[in-house]
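Chemist: Sequence isn't available, so here's the structure alone:
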């Protein structure tokens, strides 16, 4: 006989615990390792062609601002607005030389890794974020980009921030249903979700800053905008969000070109939008074949792309919801954009730097496998706990969440439970049948087949 007492008093509200140092320890180790590996690659004795060009241009523009005079019209052939990153690089160079300018890129790349962790955590869970951040920080492309005083690190950081804002712009936390609710240190969904409007307003502004910093990032705007659209339910709402974000970003970019003048438009067309196949933004480049482009992509991030495709296959086999599969597919598409553009232009110029933009999205897709593994182990734990509970001796259970076992001889009678609702279950086997854990005798199975 199992006696169940139901206490109808409301449980006291307990404030969610803040994440402890154990929660942030794995990410801290990853970030420190990334910063050290990038710093090891920094050479303070000489600058590459791009580094010297950007830093010198920044010094000239600062001198022009304070003392007047002209400049050699960097805006007509630079692949980004010369008034943004080159000026920052020149300021860092004045403060600490080339090493300071390179360390600024290291900081930008560390922030990009943090944004990758936070975005992947929002989509798939804590351990997915840790896996994605670890993979991204361990890439040679990431470490190399953090040691170069070029546009790329800053623009990648801005794209990563925009992608995180897109993930946070949902109407309900955990939209994809992949993050575990028992994650250590995390607050309940309903209590920690911010207002999505502020995140939506930030997306076009940050995308505009990324596009102005490096024109090439225009190719990732649709990925970020569609990622934001996947955070809402219903096709109409998704189309409205894509339209609104797309028009807002396009308006800001067009307004910038209109105010900056025709020289910036010429530079945008010359370096990015109107480039001919096999050409270089500054010097003539050799036209390469498609196998060369594919071989370089495979050498730098081929295993990541294969792992991301495997993650999508696992989601399909596990019959995940449509939004989860669409999100993983979108991240994989973002990881292939640079390769497709290289195949179109028949050039590998700057692909070593640009492929790290794609790697950011691919690592997020690969991180989804951790959520799938965690979900599988969680179901195994629950199944094992249910079986063990069914095999335990008769006990009295308090449904407020605390179980306490008693021998039948020491159990209080039902009349001694004031203010409680009581019900009786005839025996343990009936309870097991109700829980779906009771196995029928072999003869009953045989007769059922007959």
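Modeler: Structure's in. What do you need? In this text the structure is predicted, and so the values were computed from the model without any measurement.
Chemist: and whatever helix or strand residue 237 lives in, how far out from the chain's middle?
Modeler: According to DSSP states H and E, residue 237 maps onto helix 235-260. Averaging C-alpha positions (Cα atoms, centre = their mean, to the nearest Å) puts helix 235-260 23 Å from its chain's average.
Chemist: got it, and stretch 116-136?
Modeler: Put simply, stretch 116-136 sits 6 Å off its chain's centre (Cα atoms, centre = their mean).
Chemist: Contacts for the helix or strand hosting residue 199, please.
Modeler: Assigned by DSSP H and E, residue 199 belongs to helix 196-213. Under the contact criterion Cβ atoms under 8 Å, 6 or more residues apart in numbering, helix 196-213 has outside partners 80-81, 84-85, 151, 154-155, 158-159, 161-162, 165-166, 168-171, 217-218, 220-221, 224-225, 228, 231, 241, 244-245, 248-249, 251-253, 256. For glycine as for every other residue, the C-beta is placed from the backbone atoms N, C-alpha and C.
Chemist: now swap in stretch 220-235 and tell me
Modeler: 159, 162-163, 165-167, 169-171, 175, 196, 200, 203, 207, 210-211, 238-239, 241-242, 245-246, 249, 323, 326-327, 330, 333-334, 337, 357, 361.
Chemist: Quick check: buried residues in that stretch?
Modeler: Using 16 or more other Cβ atoms under 10 Å as the test for burial, stretch 220-235 gives 220-232.
Chemist: Same list (those) but as JSON lines, adding pLDDT.
Modeler: Shown next, in JSON lines, are the buried residues of stretch 220-235 (pLDDT from 0 to 100):
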{"residue": "220", "pLDDT": "95"}
{"residue": "221", "pLDDT": "95"}
{"residue": "222", "pLDDT": "95"}
{"residue": "223", "pLDDT": "96"}
{"residue": "224", "pLDDT": "96"}
{"residue": "225", "pLDDT": "96"}
{"residue": "226", "pLDDT": "96"}
{"residue": "227", "pLDDT": "95"}
{"residue": "228", "pLDDT": "95"}
{"residue": "229", "pLDDT": "94"}
{"residue": "230", "pLDDT": "93"}
{"residue": "231", "pLDDT": "91"}
{"residue": "232", "pLDDT": "91"}
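Chemist: Residue 352 contacts residue 299, doesn't it?
Modeler: No. Assessed by Cβ atoms under 8 Å, residue 352 is found out of contact with residue 299, at 9.7 Å.
Chemist: More neighbours: which of the two?
Modeler: Ranked by neighbour count (other Cβ atoms under 10 Å), residue 352 and residue 299 place residue 352 first, with 16 against 12.
Chemist: for the helix or strand where residue 302 lies, packing partners?
Modeler: According to DSSP H and E, residue 302 maps onto helix 290-317. Contact here means 3 or more Cβ pairs under 8 Å, 6 or more residues apart in numbering; DSSP states H and E; on that basis helix 290-317 packs against helix 140-145, helix 322-345, helix 351-391.
Chemist: okay, these, which one's buried deepest?
Modeler: Among the helices and strands packed on helix 290-317, ranked by average contacts under mean count of other Cβ atoms under 10 Å, first place goes to helix 140-145 (a mean of 21).
Chemist: Can you name the element that comes right after it?
Modeler: Going down the chain from helix 140-145, the next helix or strand is helix 151-168, by DSSP H and E.
Chemist: check contacts around residue 38.
Modeler: Contacts for residue 38 were tallied using Cβ under 8 Å, 6+ apart; they are 105-106, 109, 142-144, 146-147.
Chemist: Which one of those residues is nearest to residue 75?
Modeler: Proximity of the contacts of residue 38 to residue 75 (Cβ to Cβ) peaks at residue 105, which lies at 21.9 Å.
Chemist: How about that closest one, nearest residue that isn't a chain neighbour?
Modeler: residue 153 (3.8 Å; Cβ to Cβ, 6 or more residues apart in numbering).
Chemist: re earlier: the helix holding residue 199 versus helix 151-168: what angle between them?
Modeler: 160 degrees (axes from the mean of the first three to the mean of the last three Cα atoms, to 10 degrees).
Chemist: what's the angle between helix 196-213 and helix 235-260?
Modeler: 40 degrees.
Chemist: Give me the buried positions along helix 196-213.
Modeler: Buried residues in helix 196-213 (16+ other Cβ under 10 Å): 196, 199-200, 202-204, 206-213.
Chemist: Repeat that for stretch 103-120.
Modeler: Result for stretch 103-120 [16+ other Cβ under 10 Å]: buried residues 103-106, 108-120.
Chemist: pLDDT added to the buried residues of helix 196-213, as TSV?
Modeler: Formatted as TSV, those follow (pLDDT from 0 to 100):
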residue	pLDDT
196	81
199	93
200	93
202	95
203	96
204	96
206	97
207	97
208	96
209	96
210	96
211	95
212	94
213	94
